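S.K.: Structure for this input, please:
(2 chains)
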Amino acid sequence: GNSVTQMEGPVTLSEEAFLTINCTYTATGYPSLFWYVQYPGEGLQLLLKATKADDKGSNKGFEATYRKETTSFHLEKGSVQVSDSAVYFCALKNFNKFYFGSGTKLNVKP
Amino acid sequence: DGGITQSPKYLFRKEGQNVTLSCEQNLNHDAMYWYRQDPGQGLRLIYYSQIVNDFQKGDIAEGYSVSREKKESFPLTVTSAQKNPTAFYLCASNGPEWNEQFFGPGTRLTVL
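M.R.: Residues are numbered from 1 along each chain as shown, chains lettered A, B, ... in the order given. Predicted coordinates for the structure are as follows:
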C-alpha cells in the first residue's frame, strides 16, 4: 500500500540552526512527493515537490531530494527563522490519491 | 483571485444535528477532496470526487455524506451517525494538469 512516515515532533531549534525533518514512504509505482506547511488555524500550503527520483524540490530556503533507493524525502533548511514555526507534512501522490504523514511541529526560538 | 473557500471558519452544533460544510473552488479543477484533521494528527481522507456527479469513499467515510452537482462545489454533510465529529475539516482540489493539491482555509467544527 501507500503510506508516509515522518519524524515525530515537536522539533525545537534556535534561530539560524540547521533543520532536518525526516520522511520515508512506501508506495507502488512512481509517486510524486511533497512537503506542505500549515500555520495555526489555516489550511495546508505547498512548500515544495519532486516528481521523480533524484529530483530536488526547493522553495524559501527549504530543500528535499527524492531518493528512491532509500524511499526518503527529507526536508532541510540551512538557517531557520522564527517565522518558520509551523507544522510540516510530508505527502505522496499515487494514482490520483494523496497520502499524508502525521505532521511534524517545528518551534523556532529567537 | 483563484482559490478555495470554506465557510464558515468556525461552526458549533448540538449533538444529534446534521451539519453541512461548504467548499467552493474557482480553479476549474475536476477533482475535489475532503479531509479530517484531529489535534496532533495527519489528514485522513473522508470523500473525494474526480468529476461532477461522481464521488468515492475515502478511509473514514462513515457518518459523512457528500454531493457533487456542480464542478465548483463539493459540500460535506456531517450526520448524527458520526460518533466523534469535532475536528478541523479541510477541503482540497486539483486538476489533471496540476501535480499538487490546493487547500482551503478549513472549518473547525465543534459539537456540543
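S.K.: which one is A:Pro10 nearest to, not counting chain neighbours?
M.R.: Nearest residue to A:Pro10 in three dimensions, chain neighbours excluded: A:Lys105, at 4.2 Å (C-beta to C-beta, 6 or more residues apart in numbering or on different chains). Backbone N, C-alpha and C define where each C-beta goes, glycine included.
S.K.: avg pLDDT for the strand or helix carrying the one you found?
M.R.: A:Lys105 is part of strand A:104-109, with elements assigned from DSSP states H and E. On average, the pLDDT along strand A:104-109 is 96.
S.K.: Can you tell me the strand partners of it and which way each runs?
M.R.: strand A:11-14 (parallel), strand A:86-94 (antiparallel) (DSSP bridges).
S.K.: For the residue nearest to A:Pro10, the count of nearby residues, please.
M.R.: As a burial measure, A:Lys105 scores 15 neighbours (other C-beta atoms under 10 Å in any protein chain shown).
S.K.: I figured it was touching A:Glu8, is that so?
M.R.: No - contact criterion C-beta atoms under 8 Å: A:Lys105 and A:Glu8 do not qualify, at 9.2 Å.
S.K.: Around chain B, pick out the residues from chain A.
M.R.: By the rule C-beta under 8 Å from any C-beta of the partner chain, the part of chain A lying against chain B is A:32, A:34, A:36, A:41-46, A:49, A:51, A:89, A:93, A:96-98, A:100-103.
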